[in-house]
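**Q** starting from these lines, generate the structure:
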Amino acid sequence: MAWLEITINTAQKSVDEIAAILTANGFSDLLIEDQDQFEDFLEQNKAYWDYIDEAFQHQLQGLSRIKLYLEETDTAALDRLTALVASLSLPMTVAPMADVNWEESWKDNYTAVEVGDRLVVLPYWLQSEEHPGRLPVILDPGLTFGTGAHPSTQMVLRAMEKYVKPGSHCLDLGSGSGILSIAALRLGAGSATGVDIDPKAEDIARENAAYNHFSAPQFTALTGNVTTDRKLMDTLAGKAYGVVLVNIVADVIIALAPVLPTFLGEESILICSGILDTRLQDVLSALTQAGLTVLDAYEQEDWRCVTAKRRTL
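**A** Below you'll find the model as predicted:
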């Protein structure tokens, strides 16, 4: 099926108004690209990341446009849209799109990722690929936030190869796709518990665990915030964890720091990642103030990963 991509350029202050008019006239599947909305989104959610691609931000500079897609054969809809946009005195461009199988083409962006000495992260449709000597971590990247490609995740996985011991219990705070919990089980952990504040993550992590043939009681997925949910905190603190994993961002790690010792025994290891190099000292200070001793700090590109344990008296 051939498609047309229609781009309507608008003024930044009127993009929502124009979108409402298009929707009211039957054109509801809209893609809005607007610098102001993007900046507002970043501001409202700034606690959840430290790094934004500056090149992408530059591309959005001054941008305000609406895109929609029509079948090439739907000339009636195109004529109606053209007349509507003309009545609004807005510029519009129409460009044919290549005939692509969109349901399958997105998979081309994902390949196997070998990490460390023992692990390989595989999209589920490549799970039959052979990677001799490596343990497969199988994911559905179409559903996940955490696919093994990011430096912060790769550093955690490499550290896990060193610290995850056979039969140990692992706690994964900010578990997302469940990639770290699954990797822990592949490395021989007896159980892994993944916790995320996003309820969608719980189902996603369970689905990914199932791709790897893990389920309860080996793998448990929970939803909640350990800094505010006392019941969840008590539930988690009832088990001794050999490794605690926190792959989020610096501000969240800092907020979690006071409760992290609760999950650590004398021999437990904490692995924190998702830390930009510019925030490393802030994280190290928070961990030290929480009664932890920093063991190592790893680096990959602009990102840092820290290992720590409880301070012994």
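
**Q** drop to CA atoms for contacts and neighbour counts, all remaining ones
**A** Noted.

**Q** quick check: P261 touching L287?
**A** No - between P261 and L287 there is no contact under C-alpha atoms under 8 Å: 9.3 Å.

**Q** neighbour-wise, which of the two wins?
**A** A direct count of neighbours by other C-alpha atoms under 10 Å for P261 and L287 places L287 higher, at 25 against 21.

**Q** which non-adjacent residue is nearest that one?
**A** In space, and not counting its chain neighbours, L287 is closest to A257: 5.7 Å by C-alpha to C-alpha, 6 or more residues apart in numbering.

**Q** okay, now the one you found: neighbour count?
**A** Based on other C-alpha under 10 Å, the number of other residues close to A257 is 22.

**Q** now do H150
**A** 12.

**Q** quick one: residues contacting it.
**A** Not one residue lies near H150 by C-alpha atoms under 8 Å, 6 or more residues apart in numbering.

**Q** for A95, give me its contacts.
**A** Contacts of A95 by C-alpha under 8 Å, 6+ apart are 4-6.

**Q** ok, now T7?
**A** Contacts of T7 by C-alpha under 8 Å, 6+ apart are 65-68, 92-94.

**Q** per-residue pLDDT, it?
**A** Confidence at T7, expressed as pLDDT, is 94.

**Q** for it, give its distance to V94.
**A** 7 Å (C-alpha to C-alpha, to the nearest Å).

**Q** low-confidence regions, the stretch 201-313 of the chain specifically.
**A** Confidence mapping of the stretch 201-313 of the chain against pLDDT under 70 gives the ranges 313.

**Q** can you give me the helices for it?
**A** 230-237, 250-256, 280-289 (DSSP state H, counting those that start in this stretch).

**Q** so how far is the second one off the chain centroid?
**A** Taking the mean of its C-alpha atoms, helix 250-256 sits 16 Å from the chain's own mean (C-alpha atoms, centre = their mean, to the nearest Å).

**Q** what sits up against that helix?
**A** 47-48, 50, 226-227, 246, 272, 274-276, 279-280, 282-283, 286-287.

**Q** among those residues, which one sits closest to Y110?
**A** G274 (21.3 Å; C-alpha to C-alpha).

**Q** what's the neighbour count on that closest one?
**A** Neighbourhood size, G274 [other C-alpha under 10 Å]: 29.

**Q** my guess is it meets E301, correct?
**A** No - here G274 does not reach E301: they are 11.7 Å apart, not a contact under C-alpha under 8 Å.

**Q** what comes up buried for stretch 188-196?
**A** 189-196 (16 or more other C-alpha atoms under 10 Å).

**Q** how is the protein divided into domains?
**A** Here the domain parsing of the chain from automatic domain parsing is 3-99, 107-310.

**Q** quote the end-to-end distance of the longest one.
**A** Using C-alpha to C-alpha, one end of domain 107-310 lies 43 Å from the other.

**Q** chain center to that domain, what's the gap?
**A** The answer for domain 107-310 is 12 Å, by C-alpha atoms, centre = their mean.
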